[in-house]
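>>> build me a model:
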Amino acid sequence: MVSSRAIERACRDNVLFIALTGDAKPHFTTLADFVSRSRGAIAAVFGQVLAVLDSEGLIGREMFAIDGVKLPSSASKHLSGTRAEFAARADKLERKAREMLDRHRSNDGAGVDRPSDATIAARLERMHRRATELREWLAANPKDRLGPNGGVRKSNLTDAESAKMATDKGVIQGCCGVATVDGKEQVIVEASAFGTGSEQEVLIPVIDACKPMLGATTEITADAGYHSAENLRGLAERGIDALIADNGMRQRDPRFANQAKHHDKPDPLHDKSTSRRRSGLFGADDFRIADDHSHAICPAGKRLYRNGKDCTIGGYRAIKFRAPASACADCTLRAKCLRKPDTTPARQVALLTRIKTANHTQRMRERIDSPAGRERYGRRFATVEPVFANLRHNKRLNRFTLRGQRKVDGQWRLFALVHNIEKLANHRKAA
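Numbers count the residues shown, from 1 in each chain. The predicted model follows:
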């Protein structure tokens, strides 16, 4: 039961709640205030319950699975934007207010029926109030929020610490609740909420937060949303054993060879697939490269000469060849060789060779593609997904009801605390 008003009604009508409260009948504002201001107390009790669970042997420290869920918060996504967008909205509201006032004045002179003066005044006051709020926010925030890559991040007028997030149900305005779950009995060893839609940003902070719970041989697992070169480097610097999937893991895994039949439905957000090269054009395989790499022969029998020094293209070492303009000018195969035969003077082609570098990304791919890596990573699904099913379905946490990262973090940790208390209760009941 999430709603404080629903809890207030239960404290009046439900005998179990009446017994728990001693017939105190707390007001819903008291209940809501308790959750919003008790982040520190919730964190303290969360740690104490973890200590009891550890003493009962319910934390194995063999594998920690990290995952998150994006939930809407008490913020309007329609009030999100950049400084430029907010300035444009304020200008539009002020312009519409002037236009409406001029239109009513002209209607008065023409004797046309119009809304009452009170209705007009209320509409104008609402427009001016919204425009003033935007102007005040722009004055208080002279710079846009920036993301980790330097891009502009949208702000929100109702909850500045929330974020717009893309989910499989569409775009929401909210926060991401992240949980670190132990693989032995699905105990949540760390829970935090973040006002960002990028899971890559939160991996290292989450691992640092649960560092006191890590054992000498604890392995961290996380899905592809947490994969980045920076995160893998951070894990290596901390000496943490981890299995972090990448976007191509399932394509390389023969167990998912038939996964295409489950992807018949279109992407609910947008098609992220890259555009394909125009079919029918000659590719690099249609060119014969000399053994000494001094030149290449095109399908028309013309010679392409080596162009410049070796270079690197997307993790490949490239040797480039280019045909002279005179060789391609009157060639009958221009339409099959050049993407833009009307404007491109000559064809170029490159011989690509994979550069074998022992970087963090390549080493992680090799580990997770090994039979042992696949077996260990496969445990992640059965470890962390039931926890989110319990929190979202059984506990009915379908949204955060508070504003501000600290308050949302306290609410998320409160639900994680209840989950852990249930684990302890069920363990003792079974014993």
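
>>> give the rounded mean pLDDT of stretch 93-113.
For stretch 93-113, mean pLDDT is 81.

>>> over to stretch 422-431?
Mean pLDDT, computed over stretch 422-431, is 88.

>>> do a quick rundown of the helices in this protein.
Applying DSSP state H to the chain gives helices spanning 4-13, 15-21, 28-37, 39-55, 83-110, 117-140, 203-209, 229-238, 249-252, 325-329, 334-337, 360-369, 371-389, 405-430.

>>> could you list the low-pLDDT ranges of the stretch 1-150 of the chain?
By pLDDT under 70, the weakly predicted segments of the stretch 1-150 of the chain are 109-114, 148.

>>> how about a cut-off of 90?
Applying pLDDT under 90 to the stretch 1-150 of the chain flags the ranges 1-3, 32, 34-36, 74-83, 99-124, 137, 140-150.

>>> swap in the stretch 201-350 of the chain?
Residue ranges of the stretch 201-350 of the chain with pLDDT under 90: 216, 228-229, 247-285, 291-294, 306-319, 329-330, 332, 335-336, 339-342, 350.

>>> in it, which spans are strands?
With DSSP state E, counting those that start in this stretch as the criterion, the stretch 201-350 of the chain has strands at 219-222, 241-244, 288-289, 295-297, 303-306, 311-313, 316-322, 348-354.

>>> mind giving me the packing neighbours of the third one?
For strand 288-289, the elements it packs on are strand 295-297, judged by 3 or more CB pairs under 8 Å, 6 or more residues apart in numbering; DSSP states H and E. Just so you know, the C-beta spots here come from the backbone N, C-alpha and C atoms, and that holds for glycine as well.

>>> try the second one
Under the contact definition 3+ CB pairs under 8 Å, 6+ apart, strand 241-244 sits against strand 219-222, helix 229-238, helix 360-369, helix 371-389.

>>> list the contacts of the nearest residue to residue 133 once chain neighbours are set aside.
Once flanking residues are discounted, residue 133 sits nearest to residue 157: 6.9 Å by CB to CB, 6 or more residues apart in numbering. Applying CB atoms under 8 Å, 6 or more residues apart in numbering, we find residue 157 in contact with 76, 79, 80, 86, 133, 134, 137.

>>> how many residues are close by the second one?
Around residue 79 sit 18 other residues, with neighbours defined as other CB atoms under 10 Å.

>>> for it, which non-adjacent residue is closest in space?
In this structure, residue 79 finds its nearest non-sequential neighbour in residue 157, 4.2 Å apart by CB to CB, 6+ apart.

>>> contact partners for the closest residue to residue 385 other than its chain neighbours?
Nearest residue to residue 385, sequence neighbours excluded (CB to CB, 6+ apart): residue 67, at 7.6 Å. Neighbouring residues of residue 67 by CB under 8 Å, 6+ apart: 178, 179, 181, 222, 223, 380, 384, 385, 388.

>>> how about the helices of the chain in CSV, adding mean neighbour count and distance to residue 285?
CSV is the format used below for these (neighbours: other CB atoms under 10 Å; distance: least, CB to CB, whole Å):
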stretch, mean neighbour count, distance to residue 285
helix 4-13, 15, 66
helix 15-21, 12, 73
helix 28-37, 15, 64
helix 39-55, 15, 58
helix 83-110, 14, 47
helix 117-140, 13, 56
helix 203-209, 18, 40
helix 229-238, 16, 31
helix 249-252, 14, 22
helix 325-329, 14, 19
helix 334-337, 16, 13
helix 360-369, 17, 25
helix 371-389, 16, 32
helix 405-430, 18, 53
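
>>> how about the ones you listed in JSON lines, adding distance to residue 290?
Output for the helices of the chain, formatted as JSON lines (distance: least, CB to CB, whole Å):
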{"stretch": "helix 4-13", "distance to residue 290": "78"}
{"stretch": "helix 15-21", "distance to residue 290": "85"}
{"stretch": "helix 28-37", "distance to residue 290": "73"}
{"stretch": "helix 39-55", "distance to residue 290": "67"}
{"stretch": "helix 83-110", "distance to residue 290": "55"}
{"stretch": "helix 117-140", "distance to residue 290": "63"}
{"stretch": "helix 203-209", "distance to residue 290": "48"}
{"stretch": "helix 229-238", "distance to residue 290": "36"}
{"stretch": "helix 249-252", "distance to residue 290": "34"}
{"stretch": "helix 325-329", "distance to residue 290": "16"}
{"stretch": "helix 334-337", "distance to residue 290": "19"}
{"stretch": "helix 360-369", "distance to residue 290": "31"}
{"stretch": "helix 371-389", "distance to residue 290": "41"}
{"stretch": "helix 405-430", "distance to residue 290": "62"}
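
>>> ok, which of those helices comes nearest residue 399?
helix 405-430 (10.1 Å; CB to CB).

>>> packing partners for the closest one?
Short answer (3+ CB pairs under 8 Å, 6+ apart): helix 405-430 packs on helix 28-37, helix 39-55, strand 170-182, strand 188-194.
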